[in-house]
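**Student:** Fold the following.
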Amino acid sequence: AGYATFLRGLTARTLDAALAKVTFDFVAEIAADFPINVLARMLDVPEGDTQRLIDWGNRIIANTDPEYADVLLHSEESEKYRDLPFRSPASLEVFEYGRELAARRRGGTGTDLISKLVNQTPMDGEPLSDRDFDNYFLLLVVAGNETTRHAITHSMRTLIDHPGQADRLRADLD
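**Tutor:** Coordinates of the predicted model:
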């Protein structure tokens, strides 16, 4: 509920910007834009950094695509990164970025997710280790963004492929 006004505004801005064009890339301008901005708000990441989050996710997840990957998954070079998520050196950049945010928030009273992770002890009584924080932050940035982007994209594709269902949705938004 605390995000309702923000989400309505973000939805309006995202759709208005895309729909003002004659044509647009749905994935890039809606499906990718919306979730990363929600995630950035929850993490209190500066607006200017949202594209970096998208780029890191692409570089990490698309580890078999030479267009995105720094090091291809099955290459000899990937062996150096075998202990990193998806064998991607981009993971190191995400870890460092998360650590910088955590260092600035540690000891503060922020209500964003990073502040809560570094300043509150979990219910089990065990504070997050640095390694746990790294992995949790990366999981939020990559999986939180990727899964939502794909869910939005596939939902739109399904509505396009099944116009009767799109009509049904329009008729009953509840």
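**Student:** Walk me through the regions of the chain where pLDDT falls short of the threshold, as ranges.
**Tutor:** For the chain, no stretch is flagged by pLDDT under 70.
**Student:** Which residue would you name as the spatial centre of it?
**Tutor:** Nearest residue to the geometric centre of the chain (CA atoms, centre = their mean): residue 145, 2.5 Å.
**Student:** for that one, what are its contacts?
**Tutor:** Contacts here follow CB atoms under 8 Å, 6 or more residues apart in numbering; on that basis residue 145 touches 32, 35-36, 39, 53-54, 57. In short, each C-beta sits where N, CA and C put it, glycine included.
**Student:** try it again with 7 Å
**Tutor:** By CB atoms under 7 Å, 6 or more residues apart in numbering, the contact set of residue 145 is 35-36, 39, 53-54, 57.
**Student:** Tell me the secondary structure of it, please.
**Tutor:** helix (DSSP: H, G, I helix; E, B strand; the rest coil).
**Student:** can I get the contacts of residue 145 in TSV with secondary structure and neighbour count?
**Tutor:** Shown next, in TSV, are the contacts of residue 145 (DSSP: H, G, I helix; E, B strand; the rest coil; neighbours: other CB atoms under 10 Å):
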residue	secondary structure	neighbour count
35	helix	21
36	helix	24
39	helix	20
53	helix	23
54	helix	20
57	helix	24
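**Student:** so how far is the first residue of stretch 86-94 from its last?
**Tutor:** 13 Å (CA to CA, to the nearest Å).
**Student:** Now residue 62: closest residue in space that isn't a chain neighbour?
**Tutor:** residue 68 (3.7 Å; CB to CB, 6 or more residues apart in numbering).
**Student:** Residue 3 now?
**Tutor:** Looking at residue 3 with CB to CB, 6+ apart, the closest residue is residue 41, at 7.1 Å.
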